[in-house]
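>>> A structural model of the following input is requested.
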Amino acid sequence: MEVAPDGQYTYRFIATLYNKGPHQVQTNDMPIIIDTTKPVFKSFNYDTQTNTLTGSYEDTGVGFTDYSYGTVTINDKVFGFKLNEGQNQFDNDDKTKGHFTVKLDAEELAALANTQNKITIAVSDAPDNTASETRNIAPVAGKAEVSVWNAITGMPFDTNSADYHENKKVDTYTLRGAANHNFYINGKLVQVVNGQYAVPVDVTSGKIVFTSDEAGKNELYTFKVTDVDPDSPAAETNDSDDSDNSNPGKIDSEDLGNISFDHFEKNEIDFTNIDDAKENGYDPLTGNWNVTGSVDLDKVASLIAVVQGNSENDPANLIKLDKDGNFKFTFKVPKTGQKAIQYIYTTKDGEKYRGVIGAIVDFETPTLNVELPTMTNQPVLHILGTANDNMSGYSVIIDGNNIFTQRNTRQVNSYPESGQSLNPYGPYNINYDVNLDDNNGQPSDHIITIKVVDQVGNVTKKKFNVHYDPNYTGQPEITSGIDMPTTSEQSISKSRVVIPTNNSSDIEVSTDTITLILTHNALVYDGDGNVVITDGKNTLLEKGNTISAWHKGQITTLAGKKYVQVGDNKYVKLFNTLLKKLVVHNSYLYDANGKATGKKHKLTVVKHGKFVYVWNNGEEFRINGKKFCRLANGKFIKVANLQTVKAIKIKHYRARLYDKNGKLLKKHITLTKGKCYWAWNDAKIVKIHGKKYYRVGKNRYVRANKAAKVEIKTALDADKLK
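From the prediction side, this is the model:
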């Protein structure tokens, strides 16, 4: 495999459908940028008089976003700051250069010691390439007489560090720092040479106490280690599918269980177009977005939403909670713009939890300029034209074939100034061929449909009627197409949510096709329910193949079983296009409008631990800004409540459960040797700081070397272990 150098590329996906036809081979182009180059600091200074850090930086790659953070590490404590907030600003429109001014507050000043200090500034670009610079700072009178330089208090030790040593009995970590004189750790003398020390400590210590006396009575400093189990990874980073803690203060949405929003998903972006505005709480006349939701008053003491200015300490940002825990606040977003709002709730035990809700609003439909002949004698129709949108991330679709998807430069808190576009890439030049000679040289009529869908679901759609006659000799009449009325679509699914019916008479209504992925090997049947024989053998389609389902995938019932039509008198069982998923949270079922459904005024709830079968290999649909999967019965269920699972068998008697940070669960739950359990995300390996795990539940992980994948249809649910 050849490693691609940094630069802009295009991934082209080519799909060959089972059914023959003019669109049997379809393509989709996805632009991508590879950037492995770290940013660089142009300057970095610390003013001891004002206790202020200043400097500048730049990046030669993709640059930064409004979400980008920097960190300041002072000895053994780390603090975060936004790169584009207050006095910290980007210096160009591309956000590849910037400067910072960070005045140390009381908490940060408290991290300094009466020894040699080290201050490290670090910034990370959008692909998470990180640059850092360190400065030595003189001692500060009245502070601690010892400092730690190469570890963070309250965090696990870094197992990738050269100072981490794995041993047969117990792992150790060499702490390095500064001190004014010799001291003791657990009664053992530590010698200081030239104002510095280096001492190995047990990584399972939990708390390391520095004292000036051998008896341990005169405490100088206490360093805390959160990892107390030698078998768990000592790391805060988490490469699992559901967490990315590279930004200080960012919390996984499943840890924000004490708050919920009516029209927003926690830590996700809401897309609002012309049709969705009112239902999502957005008023286009005023630009106000009304946010409603609730908190658990048994656990939550207060709620802050940073809607005024940039400070969470502004009294105007304190949100009123009613007696039931309901809240409401408003923020502004223009008709074309993007914004993120940080919220912080404080629990009754004083813990703060932070999250973000975001919105992208766009009321402008894409543009499409194409002209085609109404009659032609050419067997191949060359479609030339342009498509464009005021925001990046639009797609161009011709006869259901997604021929182009533009890179999305989504930047929250971005507003277009007068005449300024949020699309830096501009128009796409359409160059696409359609075969018209599909009737052995005989005249034929064709309907060509071209549409452009932007990232929030606004659609421009045109229809062209083209007659092909090889004997035609006249001058062709050129048309710019018929503008088709559209309802907004969501670009994630590339099509409006359509509920197929079980009425086989619907087959005659439409011959539009959609593509489905086979999740099992599938036989092909005729209209009488008999297997189709080809060359003396049963016609079998292999798992993973893509098929074209006629009539937008409408369900046909034959002899009491459900099918989708894939050709003239050819059908495939609906079950072979469905994907089995585990319900990991109690879940309501919804209709195509995103409203919860039920019977006799009682909402239907699918219990945690049950399995459901979802449409088209887990295809995601976006309804009112939220992601759903469609069930075989036409109802919808939230994606966040589902997991694709595979069984693992425990092969070790001591298979303990860990949390997402690699720390043992407090209840010390152990999976039973010889038993099988469901592993989430199709039993893909999760790395937590270099060590491998299977995820087996909500914030539950087991070491991969304690289990093995097995092909089995029944297994246990680790979430039910107490």
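>>> Point out where the stretch 251-400 of the chain drops to low pLDDT.
251-257, 266-269, 279, 310 (pLDDT under 70).
>>> try it again with 90
Counting by pLDDT under 90, the stretch 251-400 of the chain has low-confidence residues at 251-301, 305-318, 323-325, 330-343, 346-365, 390-395, 399-400.
>>> chain center to the helix or strand hosting F329, what's the gap?
Assigned by DSSP states H and E, F329 belongs to strand 326-332. Chain-centre distance of strand 326-332: 25 Å, with CA atoms, centre = their mean, to the nearest Å.
>>> What are the buried residues along that strand?
327, 329, 331 (16 or more other CB atoms under 10 Å). To be clear about C-beta, it is placed using only N, CA and C from the backbone, and glycine gets the same treatment.
>>> which residues in this structure form helices?
Applying DSSP state H to the chain gives helices spanning 106-109, 680-683.
>>> Just name the most buried of the ones you listed.
helix 680-683 (a mean of 18; mean count of other CB atoms under 10 Å).
>>> by contact count, what packs against it?
If contacts are counted by 3 or more CB pairs under 8 Å, 6 or more residues apart in numbering; DSSP states H and E, helix 680-683 sits against strand 646-650, strand 691-697.
>>> Format the ones you listed as JSON lines; extra columns: distance to D163 and mean pLDDT.
Shown next, in JSON lines, are these (distance: least, CB to CB, whole Å; pLDDT from 0 to 100):
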{"stretch": "strand 646-650", "distance to D163": "34", "mean pLDDT": "91"}
{"stretch": "strand 691-697", "distance to D163": "18", "mean pLDDT": "90"}
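>>> can you list these in JSON lines and add mean neighbour count and distance to D47?
Below are the helices and strands packed on helix 680-683 laid out as JSON lines (neighbours: other CB atoms under 10 Å; distance: least, CB to CB, whole Å):
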{"stretch": "strand 646-650", "mean neighbour count": "20", "distance to D47": "56"}
{"stretch": "strand 691-697", "mean neighbour count": "22", "distance to D47": "42"}
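>>> Nearest to V146, out of those?
strand 691-697 (31.3 Å; CB to CB).
>>> Can you measure across stretch 371-386, start residue to end residue?
Criterion CA to CA, to the nearest Å; first-to-last residue distance in stretch 371-386 is 10 Å.
>>> try stretch 171-189
Using CA to CA, one end of stretch 171-189 lies 20 Å from the other.
>>> swap in stretch 12-21?
Distance between the boundary residues of stretch 12-21 (CA to CA) amounts to 21 Å.
>>> So for it, what gets flagged as buried?
15, 17-19.
>>> Counting by contacts, list what the lowest-mean-pLDDT helix or strand in the chain packs against.
Of all helical and strand segments in the chain, the minimum by mean pLDDT, DSSP states H and E falls on strand 269-272, at a mean of 71. Contact partners of strand 269-272 among helices and strands, from 3+ CB pairs under 8 Å, 6+ apart: strand 352-362.
>>> Going by neighbour count, list what's buried in the strand it packs on.
Across strand 352-362, burial judged by 16+ other CB under 10 Å covers 353-362.
>>> can you list these in a markdown table and add distance to E371?
Shown next, in a markdown table, are the buried residues of strand 352-362 (distance: CB to CB, whole Å):
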| residue | distance to E371 |
| --- | --- |
| Y353 | 56 |
| R354 | 53 |
| G355 | 49 |
| V356 | 45 |
| I357 | 43 |
| G358 | 39 |
| A359 | 37 |
| I360 | 32 |
| V361 | 32 |
| D362 | 27 |
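>>> Out of those, which is nearest to T376?
Nearest to T376 among the buried residues of strand 352-362: D362, at 36.4 Å, using CB to CB.
>>> Specify the beta-bridge partners of the closest one.
Legend: beta-bridge partners of D362 under DSSP bridges are T336.
>>> In the buried residues of stretch 12-21, find the pair that's most separated.
Maximum pairwise distance among the buried residues of stretch 12-21 (CB to CB): 12.0 Å, between A15 and N19.
>>> before we move on, back to that, quick one: which of the buried residues of strand 352-362 is nearest E133?
Checking those against E133 by CB to CB gives R354 as the nearest, at 27.0 Å.
>>> Could you check how far that closest one is from N28?
Taking CB to CB, to the nearest Å as the measure, R354 and N28 are separated by 37 Å.
>>> what do you get for I514?
In terms of CB to CB, I514 sits 15 Å off from N28.
>>> Between these two, which has more neighbouring residues?
I514 (20 against 17; other CB atoms under 10 Å).
>>> So the more buried one sits against T546, correct?
No: applying CB atoms under 8 Å, one finds I514 not in contact with T546, separated by 10.5 Å.
>>> what do the two both touch?
Listed as contacting both I514 and T546 by CB atoms under 8 Å, 6 or more residues apart in numbering is no residue at all.
>>> Setting aside sequence-adjacent positions, which residue approaches V209 most closely?
Leaving aside its chain neighbours, V209 sits nearest to T222 (5.3 Å; criterion: CB to CB, 6 or more residues apart in numbering).
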